[in-house]
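**Q** From the sequence below, what's the structure:
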Amino acid sequence: MKSNQLVSIIMTCHNGEKYLKEAIESIINQSYSNWELIFYDNLSSDKSAEIIKNFKDDRIKYFRSEKLLNLGTIRKLSFDQCNGFFITFLDTDDYWAEFKLEKQVKKFQENNKIDVVYSNYFININQKIEKKNK
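**A** Numbers count the residues shown, from 1 in each chain. Sure, this is the predicted structure:
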């Protein structure tokens, strides 16, 4: 498996402005830089479009639905825009640790017989962080 392969990140959004900036920044701040963000705006009426368009990064691809779609349909439309060897999802109210993509791509490169990689996660409830191991 070739190193430094493109990772497509799918982010679908319907009125996700509350945490959107932090979510996008967590992508931009990844130690693994060969990624594209497929951002599909699912007819948001908040400032989501304005927030995403303020990021001047050619790796961010913006799409907008003309009508409100269910999650499966909007993810399928997003998937059709992906160019990456790997595909991952990030919701607008989540964010990634700095080395997330680097570590996960490395796992695929170490063992070409695996199809899925997942990791621990943290939950922030009322400013109390709780780590969940998987």
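
**Q** quick one: the residue sitting nearest the centre point of the chain and residue 100, what's the gap?
**A** The centroid of the chain falls nearest to residue 90 when counting by C-alpha atoms, centre = their mean (3.3 Å). Noted for residue 90: a distance of 9 Å to residue 100, by C-beta to C-beta, to the nearest Å. Quick note: C-beta positions are derived from backbone N, CA and C, even for glycine.

**Q** Show me the helices in the protein, by range?
**A** For the chain, the helices defined by DSSP state H occupy 17-28, 48-53, 71-79, 100-110.

**Q** What is the least confident helix or strand in this protein?
**A** None of the helices or strands of the chain scores lower by mean pLDDT, DSSP states H and E than strand 128-132, at a mean of 55.

**Q** what's the spacing between the nearest residue in space to residue 87 that is not next to it in sequence and residue 91?
**A** Excluding the flanking residues, the one nearest residue 87 by C-beta to C-beta, 6 or more residues apart in numbering is residue 8, at 4.8 Å. Noted for residue 8: a distance of 15 Å to residue 91, by C-beta to C-beta.

**Q** Residue 65 now?
**A** 17 Å.

**Q** out of those two, which sits in the busier spot?
**A** The neighbour comparison of residue 65 against residue 91 (other C-beta atoms under 10 Å) goes to residue 65, with 17 against 13.

**Q** Hmm, the more buried one is touching residue 40, no?
**A** Yes. The criterion here is C-beta atoms under 8 Å, and residue 65 meets it with residue 40 at 6.8 Å.

**Q** No further questions, thank you.
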